[in-house]
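Undergrad: predicted model follows, preceded by the sequence.
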Amino acid sequence: MTDLQQEVTNLIYQEATLLDRHHWDEWIDLYTEDAVYWVPSWANEEETTDNPEMNLNLIYLRNRGGLEDRVFRIESRDSYASVPLDRTVHVVGNVLTGNEKAGEVEATANCIIHSYGKKGGLTRASLYDFKLRREDGELKISQKKITFIDDRLEGPIDVYHL
Amino acid sequence: MDGSILTDNLSTLVDDRVDEGMFRVDRSVYIDESIFEQEISNIFEKCWIFLCHESQVANHGDYFWTEIGRQPVFVHRQEDGSLKCFINACSHRAAILTPFRQGNAKTLTCRFHGWTYKCSGNCVGIKNEEDGTDRSRFDLREIASLASYQGFIFGSLSADVPALDDWLGAAKIWIDLMAVQSPEGLEVVPGSSTYKTDGNWKLQAENSVDGYHVSTVHRVFAHTIAARESKGEYTGIGKTESGRISGGVPTASYDLGNGHMAIWAQHTTPEARPIWEARERLKNELPPKQVEWILTKGRNLYIFPNVMLMDNPSTQIRVMKPISANQVDISVYCVAPKGESTKARAGRLRKFEDFYLTAGMATSDDLAALEDTHEGSMARSAKWSEFNRGLKSITHGADADARELGFEPQACTDNWNHEVLYHGFYRHWLRMMKGEFQG
């Protein structure tokens, strides 16, 4: 494994760990200020929507502020869907890393997410498409597209379920 | 009805003594599977059911597969532009005929044994056909009734339904408030979400026009939006209406008859609504009262039994598909005026995603509350849910706003915290359950 592959893989693992352990502020710090966080909806059984501006997405946050909104709501303890908070375990695999060009690198990964809450245990899965950018020598997430393969959704879905 | 042991006891489920200050519903209506089975046969299979929006079957051959109660059906756009709706099952051995929920096929070939049907429903091909087969016996079964109002397509398995216009009644004026926003009509935007709800369908019906929960369940949404907007990033159409959540704005609730219900709340920031850009055009095209309602009143409409139309921060069609007493599937679509600017469309979609999805920051909380309500209804030792708020404020017939817009509700009150609108819902529910009304 090259140093870059190691660095990218660590970053993706780190994100999963911070979500599962509810270290929300450190999680947000993995993202650039202008980071795009995009979970398309399914346009039909086989394809997701592909124009986030003009189609309906499950989540489409156009900067880090959108993630801050989510954390604000979780930490408020006033969200019906977030109290009690589901327990989650993300298992990330299949990390594939492109080449770094002008401080940017793309990567893909798969994730199985097991959660436990009022409905008992649920297992969901996502495909991740990352764009990473080097800021002050450190790789950060500038774009994360999550293809959430579930269609008929069970229970509320928040950033820690994806 | 059908010798059901339930029939004699149905009336006891709705304790309707408004004159004595009491309207309550036995919580077994949410959890009892025998009641649910009777709802399927007496309501969902007898009533007008919302199927889809015309923009979802715009062109010849477009089909949309949905359910009436639990029976699969599909709407199919014909060559002459008309619509037909068929039972979605091969006449031979019942395989579903449409490979996708939505698609285009000018003929449909069953993927099981290869029988083929024209758009018209005529059986035109039988693989290895035997001599003397009368194909016409195998034409697809059309549902008994199909009609549209302002692009919203409804169907019924029963032929014995009132005209759709009569059935919708006072709700028509509320549908108009959405449909007239563009002279080109409305369109469903690509993308949707379907979610399974562990709760009874009537709890979703109640929740969709429950103004009373907004200031508790959605308080966190208002706080989140306030924190976001205090950073100054979200201005103009990027702002999200939250005045109605904090309370203190004019509101009202309506029993529209036939089980239909509606609420509105005055918007404090109408300039943030996607339709605001069209205000001058609307003023030229439409009566002033209609324009005022479109621009300044956030509205939720429930049409008995399976569809809700929301025009609040964004615009939504929400469709229910009952699965069992304890479960309902809900599909949500963003519906928008054709021809609006890309800025308005994007604003409409972002507001939709913020609020109206189980991956959003408000509907997710509604879902959790609804599922808790269902679970609490299992407590048979405390069997009544009360709908008594607002009893002293009932106006029978129209209030001043309704008169000015031109609709005649059964009853209304001047506060969306009130529960009088549910009386109409449960009275109509009871009438249909007893077989006393064909929907």
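TA: Structure's in. What do you need? Numbering: from 1, shown residues only, chains lettered A, B, ... in the order given.
Undergrad: show me what from chain A comes close to chain B.
TA: Chain A has residues A:39-45, A:49, A:51, A:53-60, A:63, A:65, A:68-70, A:72-73, A:76, A:78-81, A:118-119, A:151-158 near chain B, with proximity defined as C-beta under 8 Å from any C-beta of the partner chain. Backbone N, C-alpha and C define where each C-beta goes, glycine included.
Undergrad: and those residues, which of them are buried?
TA: A:39-43, A:49, A:55-60, A:65, A:68-70, A:72-73, A:78-81, A:153-158 (16 or more other C-beta atoms under 10 Å in any protein chain shown).
Undergrad: which of these fall within helices?
TA: Judged by DSSP state H, those include A:Gly65, A:Glu68, A:Asp69, A:Arg70, A:Phe72, A:Arg73 as members of helices.
Undergrad: from the buried ones among the residues of chain A next to chain B, which ones fall inside strands?
TA: Residues from these lying in strands, with DSSP state E as the criterion: A:Val39, A:Pro40, A:Asn57, A:Leu58, A:Ile59, A:Tyr60, A:Leu153, A:Glu154.
Undergrad: what's the following helix or strand after the biggest strand by length in chain A?
TA: For chain A, the longest strand by residue count, based on DSSP E, is strand A:120-135. Following strand A:120-135 in sequence order, the next helix or strand is strand A:138-148 (DSSP states H and E).
Undergrad: tell me the pLDDT of residue 47.
TA: Since you didn't name a chain, this refers to chain A. Per-residue pLDDT puts A:Glu47 at 97.
Undergrad: switch to chain B, that's the one I care about
TA: Note for B:Cys47: predicted pLDDT of 96.
Undergrad: which non-adjacent residue is nearest it?
TA: B:Gly439 (3.3 Å; C-beta to C-beta, 6 or more residues apart in numbering or on different chains).
Undergrad: one more: B:Leu164?
TA: B:Leu164 sits nearest to B:Ala147 (C-beta to C-beta, 6+ apart), 3.9 Å away.
Undergrad: what bridges to the one you found?
TA: B:Phe154 (DSSP bridges).
Undergrad: thought it was touching B:Trp167?
TA: No - with contact defined as C-beta atoms under 8 Å, B:Ala147 does not reach B:Trp167; the gap is 9.0 Å.
Undergrad: look at the two and report which has more neighbours.
TA: In this view B:Ala147 and B:Trp167 are compared by other C-beta atoms under 10 Å in any protein chain shown, and B:Trp167 has more residues nearby, 24 against 17.
Undergrad: so for the one helix or strand the more buried one maps to, what gets flagged as buried?
TA: Here B:Trp167, judged by DSSP H and E, is contained in helix B:164-168. Buried positions in helix B:164-168, judged by neighbour count with 16+ other C-beta under 10 Å: B:Leu164, B:Trp167, B:Leu168.
Undergrad: phi, psi of the residue nearest to the last one when sequence neighbours are not counted?
TA: This points to B:Leu168. Nearest residue to B:Leu168 in three dimensions, chain neighbours excluded: B:Tyr149, at 5.9 Å (C-beta to C-beta, 6+ apart). B:Tyr149 has phi and psi values of phi -130, psi 120 when expressed as degrees, to the nearest 10.
Undergrad: helices or strands up against the least confident helix or strand in chain A by mean pLDDT?
TA: Lowest by mean pLDDT, DSSP states H and E among the helices and strands of chain A is strand A:152-154, with a mean of 95. Contact here means 3 or more C-beta pairs under 8 Å, 6 or more residues apart in numbering or on different chains; DSSP states H and E; on that basis strand A:152-154 packs against strand B:193-197.
Undergrad: the strand it packs on close to chain A?
TA: Yes - against chain A, strand B:193-197 shows contacts by C-beta under 8 Å from any C-beta at B:Ser193, B:Thr194, B:Tyr195, B:Lys196.
Undergrad: what sits against B:Gly247?
TA: B:Val214, B:Ser215 (C-beta atoms under 8 Å, 6 or more residues apart in numbering or on different chains).
Undergrad: state the pLDDT value of it.
TA: For B:Gly247, pLDDT reads 78.
Undergrad: likewise for B:Pro72?
TA: B:Pro72 is given a pLDDT of 98.
Undergrad: and it, helix, strand or coil?
TA: strand (DSSP: H, G, I helix; E, B strand; the rest coil).
Undergrad: how near is the residue lying closest to B:Leu157 once chain neighbours are set aside to B:Thr363?
TA: In this structure, B:Leu157 finds its nearest non-sequential neighbour in B:Glu45, 4.8 Å apart by C-beta to C-beta, 6+ apart. According to C-beta to C-beta, to the nearest Å, B:Glu45 and B:Thr363 sit 29 Å apart.
Undergrad: between those two, who's got more neighbours?
TA: B:Thr363 (27 against 16).
Undergrad: per-residue pLDDT of the nearest residue to B:Gly121 once chain neighbours are set aside, please?
TA: Of all residues not flanking B:Gly121 in the chain, B:Leu140 sits nearest, at 3.8 Å (C-beta to C-beta, 6+ apart). Listed pLDDT for B:Leu140 reads 98.
Undergrad: kindly report the same for B:Lys231.
TA: Confidence score, pLDDT, at B:Lys231: 87.
Undergrad: quick check: it touching A:Gly66?
TA: No - using C-beta under 8 Å, B:Lys231 makes no contact with A:Gly66, being 11.4 Å away.
Undergrad: mind listing what B:Val420 touches?
TA: Contacts of B:Val420 by C-beta under 8 Å, 6+ apart are B:Ser253, B:Asp255, B:Phe387, B:Arg389, B:Gly390, B:Leu391, B:Ser393, B:Ile394, B:Ala411, B:Cys412, B:Thr413.
Undergrad: near the third one, how many other residues are there?
TA: When neighbours are defined as other C-beta under 10 Å, B:Phe387 has 24 of them.
Undergrad: how about the secondary structure of the closest residue to it other than its chain neighbours?
TA: The shortest distance from B:Phe387 to any non-neighbouring residue, by C-beta to C-beta, 6+ apart, is to B:Glu419 (4.0 Å). Per three-state DSSP, the secondary structure class of B:Glu419 is coil.
Undergrad: and the pLDDT for B:Glu419?
TA: Residue-level pLDDT assigned to B:Glu419 equals 98.
Undergrad: for it, what are its contacts?
TA: Here B:Glu419 is in contact with B:Phe23, B:Tyr212, B:Glu386, B:Phe387, B:Asn388, B:Arg389, B:Gly390 (criterion: C-beta under 8 Å, 6+ apart).
Undergrad: can you pick the most crowded of those residues?
TA: Of these, with other C-beta under 10 Å as the count, B:Phe387 tops at 24 neighbours.
Undergrad: please name the residues that touch it.
TA: Per C-beta under 8 Å, 6+ apart, neighbours of B:Phe387: B:Phe23, B:Arg24, B:Val25, B:Glu419, B:Val420, B:Tyr422, B:His423, B:Tyr426.
Undergrad: neighbouring strands - and their directions - for the least confident helix or strand of chain A?
TA: strand B:193-197 (parallel).
Undergrad: any residues touching the helix or strand following the strand it pairs with, and which ones?
TA: Next along the chain after strand B:193-197, taking DSSP H and E as the criterion, comes helix B:201-208. The contact list for helix B:201-208 (C-beta under 8 Å, 6+ apart) reads B:29-30, B:197, B:213, B:261, B:300, B:302, B:304-306, B:308, B:310, B:318, B:320, B:322, B:328, B:330, B:366, B:369-370, B:373-374, B:422, B:425, B:429.
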